[in-house]
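K.L.:
any chance you could fold what I've pasted below:
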Amino acid sequence: MVVEESPSVIIEAEANNNNTENDQLPEEFLLALGKEGEEKEEFGDPIRPELALRWTKIMAEGLDCGNQEDQTSFINNKETVKLEGPTAEPSTTISASSQWAISTELVQETASSRSTSPDQTRPGQTSPSNQIQAQALPLKNQVHAGRLKYYLNNWLQITNDPVVLGWLQGYDIPFRELPPSHDTEPQHWPKTEKEIISSEIKKLVALGAISECSYCADQFTSPIFLVPKPNGSFRFILNLKKLNQYIDTEHFKLEDIRTACKLMSKNCYMASIDLKEAYFSVPISANSKKFLRFKYDGLLYEFNALPYGLCTAPFVFTKLLKPVSTYLRNNNIILTCYLDDSLYFNNCQLQCSKDIHIACKLLQDLGFIINLEKSVLTPSQTCKYLGFILNSTDLTLSVPQQKQIAILDRIKFFKQISTCKIREFSQLLGTLNSICPAVPYGWLYTKVLERQKYLALLKSNDNYELTMSISQVIKSELKWWQYNIYKSNPIKQYNFLLEIHTDASTTGWGAVCSHRKASGSWSRSEQDHHINYLELKAALLGLQCFTKDIYNCEILIRIDNTTAVAYVNKMGGVQFPHLNNITREIWQWCENRNIWIFASYINTKDNFEADKESRKINIEWELSQKAYRQITERFGTPEVDLFASRTNKKCTKFVSWKCDPEAFTRIPSPAPPAYPGCRAAISQALIRRGTPHSALDVMLNSLSTNTFKQYDSPLKLWWLFCREHSLDTYQASIPYILNFLTKCYQNGASYGTINTTRSALSLLMGPKIGSDDRLKRFIKGIFRSRPPMPKYDRTWDPGIVLNHLAECYPNEEVTLEKLTRKLVTILALTTGHRVQTLSMIKISNMKFSDSGVEIYIPDIIKTSRRGSTQPMFHLKAFIQKKEICPVNTIKSYIDRTSSIRKSTDKLILTSKKPYKNASTQTISRWIKLTLKEAGIDVTIFTAHSTRHASTSAANRSGLSIDVIRKAAGWSQNSAIFARHYNRPINQDPTQFSSAICNTVIDT
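P.N.:
Numbers count the residues shown, from 1 in each chain. Here you go, the predicted model:
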C-alpha cells in the first residue's frame, strides 16, 4: 500500500517527548494494523510490544488490504499519529514532500541490500552491528541550514571533542578583536544579474541559510557576488574580505588529490560521496550572525549557517569531518576527504559497495544530506574526484574531457589576441595550474607564464584591471599546453632506477652513480654564477652523464643545496630567471626520455664522494684561439674535435677521453677485455645502465637458454670488431655499428642473422639501437636486398614414414634403439611440436585412459607466452592400426625402460649405457635417421620438418585451422602456419612435360 502525504502537512516537533510507557496507542489504530503475531524469540530492547508483535506478522504475511481505509485515515490524522522531534522555527519550516527524498531512496537501497542478511534486525531488536543509532526524529520537517545541531546525540557517539560539539550547537567566529560597525555602499546590478541574485536569495531563504533581520548598532554588512558553478548554476558568495581581517585563522592540513593518488592501488575500485550544501548544515551562533549580514533590494539579511567566504569555514568543516573519517577508518574503510567530497577505495567491488553504504548511513545519521547527482555510489575502476579522473587500471590521473575542451577553447582565444586584462590572464593561468597534477611536466610550462604575469603586475602596480601584452613567449608556452593537455599523468611509484649524487664547488662539478663517477671544471662564463646555479648545473651534467641511454623510469637525485632541491621539485621558479632556465633544461632533458626525477636533500658530509669529484684539480690544456684561427684559415673548419672536453672543445661535436655529458663519444681504453660470454656481457650491460645487482638474475631470466645461444655468436663477432677498432663494446656510436653490420652483410649474413645481431647489440647498448632512424633504414635495405626465404617450399608425406615405422612391430621384439626412434618420430608427427617440447615430457605428467593419453608440459618452451596456457597433448589410441598407435608405442616404451630408469622422470632416455635423459640434439638425430630410412631426402629436410609435414597433412585432410594452431602451440591469431608450415607434398617435377607429351597420345 502506498500512502501519499499532502505537502501542506506540517508536523509539530518537541525535543524532549520520548516517553512511551504512559502514552498508550489508540485501540482503533492497533485494530487497523491487524491481529498480533506470536513472538517466538527474545531480542534486544523492544519498542512498543503491541507494535512489535503486529510488525512481525506484517513482515511475514503483508499488510491487510481490507483495513486500507482505516489505516489511511490514521496516517493522515495529526491528532492520532503524533511524530515528535526538535522544534523548528516557524519561519524556516519547509515542505515535507521534498525534504527527504534522498534519505528515503537510500533507506530503500539499504533495505534491499540487507534483505537476505542473516543478521537482519527484526522488530523490537537493536542491531548489534550499528553503533550509531539514528534518533527517532521527524526528519521531514527539519530545515537544511544548521541542521547538524539536531543530531547532537548521534555525534556524541563518535566524538567527545568539546570544540566540535560546541560548533555543532552554533559556531562562534573567533575574532582577534571585534570589528567596528561597517555598512556597505549600495550595490547596483544589471537586470539579468539581479534576477539571478533574487532567485538565489529565495533559495537561501527556503533553505534557512539566511533570513531577514532588523538593524542593530554593531552590525557588519558585506557586499555579495555570484560565482558560476560547472553545471551552469551560481553560488551565492558573501564577500567577507574586510571582516576576515579581524579573524584569527589556524594553520591546518587539507587532504587533496595527492592523498587520493597515494591511496589508489592497482585495479582497485572507487566510489565518491558529495554532501549537499555542506557549509549550510553548520549553524552559526546568535552572537555571530550580526557580522554576517548583507543588504539587497532595500532589505537586510543575515546568515544563520556557515557562509562561503568566511576565512575559517574550510578549517571548521575539516575539523567537523575529522571524527567522521576517523570512525570510518577505524572500521577498516579506506577513504580520503576534502571538505564535502570524500573518495572510498577497496580492492573488492562488493566490499567497496558495502563501505559506501556504511558511509552514507553514518553521514545521514549525523545530519548531512547526500548529493546523489554529484556522488558516484557505484564502485568503478575510474572515478571523477576533485575535477580529475582517477584510473586504477592504468594508475593514471587525467583531466576530464569536457574540461579539456573548455581549456583548449580558452588557449585558442589567447593565442589569437595581442592584449588582455591581467585578471583574465590570471584566470587562465590559475586554470592551468589547477590541472598540472594530471598533465605530465605541466608545472614546467607554467613558470614562464607566471613570470610574465609577475612582470605585468609590477608594471601596473598590482592593478589586475590593466592590460598586458600576449607575447610570442606566452603563445609558445600555450602551444605546448595545446598539444599535451590530452595526456594522462602516471601515478608516481617512487621506485627509483638510479640514485645520482651531485655536488658543485667554485672550481668544478662532480657526480656519482653507483660505482661510476664523473667530474669536470667550470668554464670561464660558468665560474661567475652563484653557487645555487652551479648546483643545478651539476645536477644537469650528472643526469646527462648517466642517463643518455635510459628511458621511462624514475630517478633520485641527491643534492646538498636546499635551493636547488626546491627548484628541481617545483620545476622552476618565478623570481630568478637564470635558475628557472637551468631547471627547465633539466626537466626538458627528462621529458625527452620520459624520465621523472625527484630531488632529495643530503648533508654535505654524507655527500663526500660527489664533493670530492667536484674539487678535483683538473688542469686541461687548450689550443689557443689565435692558433685555432690560423689552422682553420689554412685547412678549413673541422667537424669534430677528437680529443677534448666540454670546457676546451673547439667544435660542437667532440670526443672525450673520460665521461663527459656533452661528448659525441668517448675514447675507449686501448685494450678491451676478452669476450666474457653472452650472459656475462649482457649482465655487465645491465649493470652499466643502473640495474641493481639484486634484480639482475630476475632480469636475465627473461631470456631463454636458446636466446643466449643465439646471441652468443654475433656478440663474439662484435667483441672482435671493437678490439680491432679500439671501441668501447658498450658505448659505440651508430656509425661504427653500421660498419659492423655492413661487414656481416658482406660476409653473407642473411636478413634474419643481421636482425638477430641488432637485437643482441640493443641488449648491450640500450634502446637507442632499435629506435635510431639510420639503423632502421639499413635493416629495411637488407630486407629488400636479401629478403628472407622459407626453409622449405614443399614437404613430404607423413604416410611414407608411418608405413616404414609400422614395420617395426611388435614393439616387444624390436631393439630398444629402434623402439626409441619409432617413439620420438611418432610423437613428433602426432603432436606437431618441436623436439624441445618432446624432450620435456615426463611420465608423472601423463594421464592414461581407455581412449588414449593426455600429456601436460609445465616447463617453459619456445611457444610459451604470458597470458597463455601451457601445452597439453591429447593422443587418441589408433586401434585401426596398432603398429603406429602413439598410445600403444608409449606404453611399450615405458615397460621396456622401467628397469633402467632409476630415479629419472623424463620419458625419453638414451638407448645405450649409461642411460640418461635424451637431449634435443640426440632426439633430432634419431628422427633424421628414421626419415632417411623411410626414403626422405635428409639433405633437404631436417628433424624439424616433421612439424611442417604433420601440420600440412592435417590441413589437407580438412582439419580446422584453429585445431591445428592449438595442437601445434600457435596462438589463434598466428600467421606462422600459413606463412611457413603449410606446404604441398613433394611431387615429380617431370609431370608437366609428361602431360604435354601425353597430348600426342590423346590425339
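K.L.:
so where do the strands sit in the stretch 701-850 of the chain?
P.N.:
Taking DSSP state E, counting those that start in this stretch, the strands of the stretch 701-850 of the chain run over residues 846-848.
K.L.:
what distance do you get for L263 to L829?
P.N.:
58 Å (C-beta to C-beta, to the nearest Å). To be clear about C-beta, it is placed using only N, CA and C from the backbone, and glycine gets the same treatment.
K.L.:
the more surrounded of the two?
P.N.:
Per other C-beta atoms under 10 Å, whichever of L263 and L829 has more neighbours is L829, with 21 against 17.
K.L.:
what's the closest non-adjacent residue to that one?
P.N.:
S950 (4.7 Å; C-beta to C-beta, 6 or more residues apart in numbering).
K.L.:
what do you get for L478?
P.N.:
I411 (5.0 Å).
K.L.:
now do V938
P.N.:
That would be K932: by C-beta to C-beta, 6+ apart, it lies 4.7 Å from V938.
K.L.:
hmm, the one you found is touching T939, no?
P.N.:
No - the pair K932 / T939 is not scored as a contact, 9.5 Å apart, by C-beta atoms under 8 Å.
K.L.:
and the end-to-end length of stretch 929-949?
P.N.:
16 Å (C-alpha to C-alpha, to the nearest Å).
K.L.:
from the chain's centroid, how far away is the helix or strand containing the residue nearest to L829?
P.N.:
Secondary structure from DSSP states H and E places S950 in helix 945-956. In terms of C-alpha atoms, centre = their mean, to the nearest Å, the gap separating the centre of helix 945-956 from the centre of its chain is 45 Å.
K.L.:
what helices or strands is that helix leaning on?
P.N.:
Secondary-structure packing of helix 945-956 (3 or more C-beta pairs under 8 Å, 6 or more residues apart in numbering; DSSP states H and E): helix 798-806, helix 816-831, helix 920-933, helix 961-968.
K.L.:
out of those helices, which gets nearest to S272?
P.N.:
Taking C-beta to C-beta, helix 961-968 is the member of those nearest to S272, at 45.1 Å.
K.L.:
quick one: mean pLDDT over that closest one.
P.N.:
Regarding helix 961-968, the rounded mean pLDDT is 64.
K.L.:
before we move on, what about stretch 691-707?
P.N.:
81.
K.L.:
distance between the ends of stretch 374-389?
P.N.:
14 Å.
K.L.:
got the contact list for the residue positioned nearest the centre of the chain?
P.N.:
The centre of the chain sits closest to L395, judged by C-alpha atoms, centre = their mean, with a distance of 1.0 Å. L395 is in contact with M264, K266, P490, I491, Q493, counting by C-beta atoms under 8 Å, 6 or more residues apart in numbering.
K.L.:
same question for P714.
P.N.:
P714 touches C744, T753, T756, T757, A760, L761, counting by C-beta under 8 Å, 6+ apart.
K.L.:
model confidence at it, what's the number?
P.N.:
Model confidence at P714 (pLDDT) stands at 89.
K.L.:
could you point out which element follows the longest strand seen in the chain?
P.N.:
Taking DSSP state E as the criterion, the chain has its longest strand at strand 496-504. The first helix or strand that comes after strand 496-504 along the chain, using DSSP H and E, is strand 508-513.
K.L.:
can you list the strands that whatever helix or strand comes next after that next one pairs with?
P.N.:
Going down the chain from strand 508-513, the next helix or strand is strand 516-521, by DSSP H and E. Applying DSSP bridges to the sheet, strand 516-521 is found paired with strand 508-513 (antiparallel).
K.L.:
ok now the strand it pairs with, how far from the chain's centre?
P.N.:
34 Å.
K.L.:
now the angle between strand 496-504 and that strand, please.
P.N.:
160 degrees (axes from the mean of the first three to the mean of the last three C-alpha atoms, to 10 degrees).
K.L.:
for K709, give me its contacts.
P.N.:
Counted by C-beta under 8 Å, 6+ apart, K709 has contacts C678.
K.L.:
which residues sit in contact with H693?
P.N.:
Contacts for H693 (C-beta under 8 Å, 6+ apart) come out as I687.
K.L.:
kindly apply the preceding question to L457 instead.
P.N.:
L457 touches I422, N463, Y464, counting by C-beta under 8 Å, 6+ apart.
K.L.:
just D172 next, same as before
P.N.:
By C-beta under 8 Å, 6+ apart, the neighbours of D172 are G166, S285, N287, S288.
K.L.:
surely the second one is in contact with Y171?
P.N.:
Yes - under the criterion of C-beta under 8 Å, S285 makes contact with Y171 at 6.1 Å.
K.L.:
quick one: which of those two has more around it?
P.N.:
Y171 (21 against 13).
K.L.:
run a quick neighbour tally on the spatially closest residue to that one that is not a sequence neighbour.
P.N.:
Distances taken as C-beta to C-beta, 6+ apart place I284 nearest to Y171, at 5.5 Å, with adjacent residues excluded. By the criterion of other C-beta under 10 Å, I284 has 24 neighbours.
K.L.:
what values do phi and psi take at I284?
P.N.:
Here is the backbone geometry of I284 (degrees, to the nearest 10): phi -100, psi 140.
K.L.:
please apply the same query to R689.
P.N.:
Per-residue torsions, R689: phi -90, psi 10 (degrees, to the nearest 10).
K.L.:
contacts only, for it.
P.N.:
D549, I550, G766.
K.L.:
how far away is L390 from P323?
P.N.:
From L390 to P323 the distance is 26 Å (C-beta to C-beta).
K.L.:
of these two, which one has the most company?
P.N.:
The neighbour comparison of L390 against P323 (other C-beta under 10 Å) goes to L390, with 27 against 17.
K.L.:
would you mind giving the domain segments of this structure?
P.N.:
The chain resolves into domains spanning 169-396, 399-488, 492-614, 625-666, 678-785, 798-981 when parsed by automatic domain parsing.
K.L.:
what residues sit buried inside stretch 921-931?
P.N.:
T922, I923, S924, R925, W926, I927, K928, T930, L931 (16 or more other C-beta atoms under 10 Å).
K.L.:
next up, the contacts around the fourth one.
P.N.:
Taking C-beta under 8 Å, 6+ apart as the criterion, R925 is in contact with A943.
K.L.:
who touches Y915 in this structure?
P.N.:
T897, I900, R901, K902, L909.
K.L.:
for the closest residue to the first one other than its chain neighbours, name its beta-bridge partners.
P.N.:
Counting by C-beta to C-beta, 6+ apart, the nearest residue to T897 once its immediate chain neighbours are dropped is L909, at 5.7 Å. Applying DSSP bridges to L909 yields these beta-bridge partners: N917.
K.L.:
look up how far N917 lies from L909.
P.N.:
For L909, the distance to N917 (C-beta to C-beta) stands at 6 Å.
K.L.:
what do you get for K289?
P.N.:
Applying C-beta to C-beta to K289 and N917 gives a distance of 91 Å.
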